[in-house]
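Asker: Turn this into a structure:
(chains A and B)
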Amino acid sequence: MSKQMTGAQMVVKALKDQGVDTVFGYPGGAVLPIYDEIFQQNDIRHFLVRHEQAAVHAAEGYARSTGKPGVALVTSGPGATNAVTGLTDALMDSIPIVVLTGQVPTFMIGSDAFQEADTVGITRPCTKHNWLVKETDDLPKVLHEAFHVATSGRPGPVLIDIPKDIQFASGQYTSPKQAQTSHYQPRLKGDPEAIEQLVEAMETAERPIFYTGGGVINSGPAASQLLREFVEATGFPITSTLMGLGAYPASGSKWLGMLGMHGLYEANMAMHGCDLMINVGARFDDRITGRLDAFSPKSIKAHIDIDPSSINKVVKADIPILGDVGHVLEDALRMWKARGRKTNATAVQKWWAQIEQWKTVDCLSFQQEGKVIRPQHAVARLEALTKGHDRYITTEVGQHQMWAAQYMGFEDPNRWMTSGGLGTMGYGQPAAMGVQVAHPDSLVINVAGEASWLMNMQEMGTMVQYRLPVKQFILNNERLGMVRQWQELLHGERYSESWSEALPDFVKLAEAFGAKGILCSDPDDLDDAIMEMINHDGPVIFDCLVTKHENCFPMIPSGKAHNEMLLGEAETQGVIDAKGSVLV
Amino acid sequence: MSPLKIKKGSNSHSAYNLRPTFSDVQERHTLAVIVDNEAGVLARVIGLFSGRGYNIESLTVAEVDHEGHRSRITVVTTGTPQVIEQIKAQLGRIVPVHEVHDLTVEGKPVERELALFKVAGKGDQRIEALRLAEIFRANVVDSTLDSFVFEITGDVGKIDAFADLMRPIGLVEMARTGVAALSRGAE
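Answerer: You can find the predicted model right below:
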């Protein structure tokens, strides 16, 4: 049923028709007609952020914790340019979000009008796709197509730039059903012959390993379920990237922990020594592979990915399988069962014996001694005291992020939100906000460093306004810890600009925003303080003063291979040569 | 080396033409990309090449299906086999891209380029220019008493050769369209 309505009404109608109930945004001149429509309805809740970057990260947090696309609405010019970091973050981590930007009226485009920016030009390389709508009649079609593109295939951010006159003008609305089917239909089913090749390889492999990534999470909860079933049935060990944590439970018996630059010793050694690597929805990122020519030299590599450009991009796949992780796992599992559930059990048992030996290195062990809290201890206690809760964790970027990944266990997908690909400091706080909006009764904690946290600290205002009881767990070492660590290892301990001078008093800051502040500096007080944080019904800033010169281990230095990991302070002298130091 | 009975580098079951090894050899490929003729589509294609550091040797674009609003972009690019595969995969995932054809892989394509040459000179030089143009089947499309504009079509090599011959006898400037290409045969 077609209906005449204004462009602004179409935006709100299309959002409703797409099942959207939440929008994060910030008004401005070029989106006023849409805000006027939002004012006159009650189905879509709008959350007023304090900065447009936060609106996009909040939409990401919402999307990652629900599996539904997140929506952000911002104005033209600076509103759009402020959204660029969030868009790039979502592109790198394949997060489905729809960003709506206002634009100056069509007849003023190109005239350097007030708050005009070439938004589609600026965001072309940092969106999966974007549109500038020049006819009101095109608007509903573009809106529906945007949701389709954002959520199909490899998910990602899309942007629709809507000039103000298009929002005012009237046109025909078309529902999602009436809208033309898009030609954009990525292939979901994997090639059966390639899947058979994978199953054959699994039947004979002596030292197999599952290497899983964010693609499993993106494929939906069913994919995680299939993965779990496959792992348990085969008995193969499994490791995951930072992005894929929670797809297989951390308490599972086949779990080796995270791999990569700060991954666990047993996970990286197993990757190096395996003879069959089953990459499920991961992309051989440089944080994972280390030195490429020494990356898992003796393995057959199977790669399941929905994006053809991920396959063979950096590591050659011996068994490339193009398709959706869930579909491919389902087919592979069915085929493996039908062929008699075979594995090379004796060899795999021997492989596990080797892995158990690596595990005895106990690479994450540390001693909490003295009167200063070690950051590892703080995260380990946070984990112990919140494990049983209905819990979601976000992080900022840096050492604290790696410690959270190492010391916290994730039992389910969509519970862990962190900026993996882009490494966006300032991500965690607004993302946590988006998570809390989607899960109002759950415990949402942003594990942060004080420097990252300050990058979007204005969002405390949003959290207080909407009573979002997010817990900001700040590991405060008064340093840019990861930068400092690299300067120690690579730049002759010249700590150039890597300390946080003139930090605020976080307790007073919390109070200034109308939230609760907790300061903890004594290891003996830590548990009580964490409990106080959990039990407080409202937003909390937890200022945890930790040791200042802690390094994050294990670490694969740049330019080194998986089996050349550093495990502790004693091994760090002169390990990275000049060639390695140019890598980041 | 491996107990697995899979030939290393096997790519026979791939949905894409995946190369067995990453080689350093630079190859020249002609790609035909069928796209929706919508605003910004050329910028998306060019942005992909510049953003990811790929080469463009030549690029032509025009709408070929006016009813369906489809354009055909012909790109001549160079790179290692792995880079060429990446370029095709990256092009393929641009939303308004419908088809990506690697004409070089599909069989040596028919490639043609049109060029205009302005040649100035008098006397013998002028006669020599005309004689060479005749050999190359170039047409005179503009003439004054001391200049010609020649129009020539052919593959890149032919046009390069004509330019080399014209240079010593008064080549003033030239304009080239870039390569348009089709695969051979009925399909």
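
Asker: How is the chain divided into domains?
Answerer: Answering for chain A, as no chain was given. A:3-173, A:192-359, A:375-552 (automatic domain parsing).

Asker: please go with chain B instead
Answerer: Using automatic domain parsing, chain B is parsed into the domains B:27-102, B:110-182.

Asker: of these, which approaches chain A most closely?
Answerer: domain B:27-102 (3.7 Å; C-beta to the nearest C-beta). All C-beta spots, glycine's among them, are computed from the backbone N, C-alpha and C.

Asker: Distance check, A:Val372 against A:Thr101.
Answerer: 47 Å (C-beta to C-beta, to the nearest Å).

Asker: Give me the more crowded residue out of those two.
Answerer: A:Thr101 (28 against 15; other C-beta atoms under 10 Å in any protein chain shown).

Asker: Does that one touch A:Thr75 like I think?
Answerer: Yes - here A:Thr101 reaches A:Thr75: they are 7.1 Å apart, a contact under C-beta atoms under 8 Å.

Asker: joint contacts of these two?
Answerer: A:Ala30, A:Val31 (C-beta atoms under 8 Å, 6 or more residues apart in numbering or on different chains).

Asker: per-residue confidence at A:Leu489?
Answerer: pLDDT, the model's per-residue confidence, is 86 for A:Leu489.

Asker: Remind me which helix or strand it belongs to.
Answerer: Counting by DSSP states H and E, the element that carries A:Leu489 is helix A:481-490.

Asker: buried sites along the helix or strand just after that helix?
Answerer: Going down the chain from helix A:481-490, the next helix or strand is helix A:506-513, by DSSP H and E. Neighbour-count burial for helix A:506-513, counted by 16 or more other C-beta atoms under 10 Å in any protein chain shown, picks out A:Phe506, A:Val507, A:Leu509, A:Ala510, A:Phe513.

Asker: For the stretch 251-400 of chain A, which residue gets nearest to chain B?
Answerer: In the stretch 251-400 of chain A, the residue that lies nearest chain B is A:Ser309 (3.7 Å; C-beta to the nearest C-beta).

Asker: what number of residues lie near the nearest residue to that residue once chain neighbours are set aside?
Answerer: Leaving out its chain neighbours, the residue that sits closest to A:Ser309 by C-beta to C-beta, 6 or more residues apart in numbering or on different chains is B:Ala89, at 3.7 Å. When neighbours are defined as other C-beta under 10 Å, B:Ala89 has 20 of them.

Asker: what about A:Asn268, which SS state?
Answerer: Following DSSP: H, G, I helix; E, B strand; the rest coil, A:Asn268 is assigned to helix.

Asker: Could you do the one 10 residues further on as well?
Answerer: Using three-state DSSP, the structure places A:Ile278 in strand.

Asker: A:Gly246 versus that one, what's the distance?
Answerer: 18 Å.

Asker: Neighbour count for these two, which is higher?
Answerer: More crowded of A:Ile278 and A:Gly246, by other C-beta under 10 Å: A:Ile278, with 29 against 20.

Asker: Could you pull up the residues touching the residue lying closest to A:Cys363 once chain neighbours are set aside?
Answerer: In this structure, A:Cys363 finds its nearest non-sequential neighbour in A:Tyr265, 3.8 Å apart by C-beta to C-beta, 6+ apart. Contacts for A:Tyr265 (C-beta under 8 Å, 6+ apart) come out as A:Trp358, A:Val361, A:Cys363, A:Pro554, A:Met565, A:Leu567.

Asker: Reformat these as a markdown table; add distance to B:Pro168, secondary structure and neighbour count.
Answerer: Supplementary listing: those in a markdown table, determined by distance: C-beta to C-beta, whole Å; DSSP: H, G, I helix; E, B strand; the rest coil; neighbours: other C-beta atoms under 10 Å in any protein chain shown:
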| residue | distance to B:Pro168 | secondary structure | neighbour count |
| --- | --- | --- | --- |
| A:Trp358 | 72 | helix | 18 |
| A:Val361 | 74 | coil | 15 |
| A:Cys363 | 72 | coil | 21 |
| A:Pro554 | 67 | coil | 22 |
| A:Met565 | 65 | coil | 24 |
| A:Leu567 | 70 | coil | 16 |
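
Asker: Adding pLDDT, write these out as TSV.
Answerer: Listed next are the contacts of A:Tyr265 as TSV, based on pLDDT from 0 to 100:
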residue	pLDDT
A:Trp358	96
A:Val361	94
A:Cys363	95
A:Pro554	94
A:Met565	89
A:Leu567	90
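
Asker: Which parts of chain B are helices?
Answerer: B:41-51, B:81-92, B:124-135, B:156-166 (DSSP state H).

Asker: Could you export those as TSV, including mean pLDDT?
Answerer: Shown next, in TSV, are these (pLDDT from 0 to 100):
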stretch	mean pLDDT
helix B:41-51	95
helix B:81-92	95
helix B:124-135	95
helix B:156-166	96
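
Asker: Single out the most deeply packed of those.
Answerer: Mean neighbours per residue, mean count of other C-beta atoms under 10 Å in any protein chain shown, is largest over those for helix B:81-92, with a mean of 21.

Asker: Quick check: nearest residue in space to B:His69, chain neighbours excluded?
Answerer: B:Asn37 (4.5 Å).

Asker: now swap in B:Gly121 and tell me
Answerer: B:Gly170 (3.6 Å).

Asker: Contact partners for the one you found?
Answerer: B:Gly170 neighbours (C-beta under 8 Å, 6+ apart): B:Val119, B:Ala120, B:Gly121, B:Gln125, B:Ala129.

Asker: Verify the stated contact: the fourth one with B:Leu171.
Answerer: Yep, that's B:Gln125 we're talking about. No - B:Gln125 is not in contact with B:Leu171 according to C-beta under 8 Å; the separation is 10.7 Å.

Asker: circling back to that earlier point, can you list the domains of chain A in JSON lines and add distance to A:Ala561?
Answerer: JSON lines is the format used below for the domains of chain A (distance: least, C-beta to C-beta, whole Å):
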{"stretch": "domain A:3-173", "distance to A:Ala561": "25"}
{"stretch": "domain A:192-359", "distance to A:Ala561": "3"}
{"stretch": "domain A:375-552", "distance to A:Ala561": "17"}
